[in-house]
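Q: Provide a 3D model corresponding to the input given below.
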Amino acid sequence: MSTSKRLRVLWLCSWYPSEVDPFSGDFIQRQAEAVSSYADIHVLHAIGSPVRPRFFLSKENRHQGLQEWVAYYPTGRSFQRWISPIRWLQVMWRLVRHYQAAYGLPDLVHVQIPFKSGLIARYLHARYGSRYVVTEHWGIYNDQSADRFAKRSFLFQQITRLGFEKAALSLSVSTYQSRQLHTFLGPVAARTIHNVVNTRFFHPIERTIRPYTFLHVSDWSVNKNPEGIVRAFSRLHLEFPDTRLALVGGKGVRGEVIRQWVQLHAGNIQCEGEIPYETVAIRMQQADCLVLNSFMENSPCVIGEALCVGLSVIATEVGGVAELMDPDCSLLIPAGDDLALYKAMKEVVQNCEGFGREAVALRAQARFSYETVGQQLYQAYRDVLG
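A: Now for the predicted structure:
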């Protein structure tokens, strides 16, 4: 293979943003954007749509080096939902054939989430000798997960292993995840490449005088434990009235539950639903400390984003969280411990001028930027191809 031409890498994505769910796998899309500066990336993704009456293919040249093909198939009727896994496989294979007709075989295949998409890569490997790498983002390999891998059906486990075991390289966003995948899916050469942060949006700005603001960004699910944050902050607010808590990202029934919960507690607490990625950056620039109170995590994007803005971070010591933290401005606490969270929040308020936001942001940007992660992914591709 000539070193003068750009690599052509086919991405098979089980998760990816779409009109059905614009936030699903948005971190995968950012990885694709990052590495597309160094290689030509072609994304294939299929998803069932309750509003599309027939097959529909959306093609988008997101920017130079990145093409996205997102195919929709109908799932509005009950029988269509029942056969959705079969339809997904048919549609994905149709996209692969379409890609082959237009471009031939890729230099490399990159599977994002081996369940389902790994089957396509495994076939291409067996049929054409196509080498592939795998990135697994799913948190089901964490023992604290209610729907953990060990409790999944035999069929689910086997399909996932089939897509994983012939990969030339496993690219995980945390070393913790790499170890878990080795335990559950088998030994595959592994490398850790963190989630990427778009530093065009996530960067520090000049501070203005304002109440000290804690920020929590998530879907407000039970796993994220926002109730514990509200309880700890309500206690803190009695001692430090000039503090504020902003909860961002809640939706659906769970969002309403937390809003009602907030009304029962004292304190200066604001709630905001789902917001665009760029607006998350603005909310972080208006805050002082990110709080992540999860029972289970893999490698949450919000920590890297907060550090790139220069925030303090309080987070539970679960999954790969400790790998992301900056020791100069971060505190780890046990999961589910309201008292430890209250003490950590009190500590950062009392020492809010004890670290340099700009220095924290520079260190984080060197780890999580598009340039850094894009180069790491590209180098992994080159290493696999020899």
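Q: mind listing what residue 93 touches?
A: Going by Cβ atoms under 8 Å, 6 or more residues apart in numbering, residue 93 touches residue 120. All C-beta atoms are positioned from the backbone trio N, CA, C, and that covers glycine.
Q: A helix includes it, no?
A: Yes - under DSSP: H, G, I helix; E, B strand; the rest coil, residue 93 falls within a helix.
Q: what about it, distance to residue 84?
A: Separation of residue 93 from residue 84 (Cβ to Cβ, to the nearest Å): 15 Å.
Q: ok, now residue 49?
A: According to Cβ to Cβ, residue 49 and residue 84 sit 10 Å apart.
Q: Identify the contacts common to those two.
A: 73, 75.
Q: ok, those two, which is more surrounded?
A: Between residue 49 and residue 84, counting by other Cβ atoms under 10 Å, residue 49 is the more crowded of the two (19 against 15).
Q: what about the nearest residue to that one once chain neighbours are set aside, how many neighbours?
A: In this structure, residue 49 finds its nearest non-sequential neighbour in residue 72, 4.2 Å apart by Cβ to Cβ, 6 or more residues apart in numbering. By other Cβ under 10 Å, the residues close to residue 72 number 22.
Q: For whichever strand or helix holds residue 72, what does the pLDDT average out to?
A: Using DSSP states H and E, the element containing residue 72 is strand 66-74. Strand 66-74 shows a mean pLDDT of 96.
Q: ok, now stretch 322-332?
A: Stretch 322-332 shows a mean pLDDT of 94.
Q: Contacts for it, please.
A: Stretch 322-332 is contacted from outside by 174-176, 192, 194, 299-300, 303-304, 307, 310-317, 321, 344, 347-348, 355-356, 359-360, 363-364, using Cβ under 8 Å, 6+ apart.
Q: same check, this time on stretch 227-244
A: With contact meaning Cβ under 8 Å, 6+ apart, stretch 227-244 is reached by 211-214, 216, 245, 247, 258, 261-262, 265-270, 291, 293, 336, 338-339, 341-342, 345-346, 349.
Q: Show only the entries of the residues you listed found in strands.
A: Assigned to strands by DSSP state E, the following of these qualify: 212, 213, 214, 216, 245, 247, 269, 270, 291.
Q: Please type out the PyMOL selection for whichever of those turn out to be buried.
A: Buried members of these can be picked out in PyMOL with the line below, counting by 16 or more other Cβ atoms under 10 Å:
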select buried, resi 212+213+214+216+245+247+269+291
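Q: Just put the ones in strands among the contacts of stretch 227-244 in CSV and tack on distance to residue 378.
A: Output for these, formatted as CSV (distance: Cβ to Cβ, whole Å):
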residue, distance to residue 378
212, 41
213, 38
214, 37
216, 34
245, 40
247, 38
269, 44
270, 41
291, 35
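Q: any chance of the ones in strands among the contacts of stretch 227-244 in TSV, plus distance to residue 223 and pLDDT?
A: As requested, those are arranged in TSV below (distance: Cβ to Cβ, whole Å; pLDDT from 0 to 100):
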residue	distance to residue 223	pLDDT
212	27	93
213	24	96
214	19	97
216	13	98
245	19	96
247	15	97
269	20	93
270	22	93
291	15	98
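Q: need the strands for this protein, in chain order.
A: With strands called from DSSP E, the chain shows them at 8-13, 40-49, 56-63, 66-74, 108-112, 132-135, 169-172, 190-192, 212-217, 243-250, 269-273, 289-292, 312-316, 330-333.
Q: Let's have these in JSON lines, adding distance to residue 97.
A: Below are the strands of the chain laid out as JSON lines (distance: least, Cβ to Cβ, whole Å):
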{"stretch": "strand 8-13", "distance to residue 97": "12"}
{"stretch": "strand 40-49", "distance to residue 97": "11"}
{"stretch": "strand 56-63", "distance to residue 97": "13"}
{"stretch": "strand 66-74", "distance to residue 97": "12"}
{"stretch": "strand 108-112", "distance to residue 97": "14"}
{"stretch": "strand 132-135", "distance to residue 97": "17"}
{"stretch": "strand 169-172", "distance to residue 97": "26"}
{"stretch": "strand 190-192", "distance to residue 97": "31"}
{"stretch": "strand 212-217", "distance to residue 97": "40"}
{"stretch": "strand 243-250", "distance to residue 97": "39"}
{"stretch": "strand 269-273", "distance to residue 97": "40"}
{"stretch": "strand 289-292", "distance to residue 97": "43"}
{"stretch": "strand 312-316", "distance to residue 97": "45"}
{"stretch": "strand 330-333", "distance to residue 97": "48"}
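Q: quick one: contacts for the residue nearest to residue 49?
A: Residue 72 sits next to 18, 19, 20, 46, 47, 48, 49, 52, 55, 56, 57, 58 when contact means Cβ under 8 Å, 6+ apart.
Q: Among the residues you listed, which one is most surrounded by other residues?
A: Counting neighbours by other Cβ under 10 Å, residue 46 leads the contacts of residue 72 with 27 neighbours.
Q: What's opposite it in the beta bridge?
A: Beta-bridge pairing for residue 46 (DSSP bridges): residue 71.
Q: I'd like to check which residues are in contact with it.
A: 70, 71, 72, 73, 88, 91, 92, 95.
Q: What is the burial count for the residue nearest to residue 98 when sequence neighbours are not counted?
A: Of all residues not flanking residue 98 in the chain, residue 69 sits nearest, at 7.7 Å (Cβ to Cβ, 6+ apart). Using other Cβ under 10 Å, residue 69 has 17 neighbouring residues.
Q: Equivalent analysis for residue 40, please.
A: Applying other Cβ under 10 Å, we find 19 residues neighbouring residue 40.
Q: hang on, it packs against residue 65?
A: Yes - Residue 40 is within contact range of residue 65, at 5.5 Å (criterion: Cβ atoms under 8 Å).
Q: So for those two, which residues contact both of them?
A: Common neighbours of residue 40 and residue 65, using Cβ under 8 Å, 6+ apart, are residue 6.
Q: Okay, now the unreliable bits of the chain?
A: Residue ranges of the chain with pLDDT under 70: 1-4, 76, 79-82, 266, 354.
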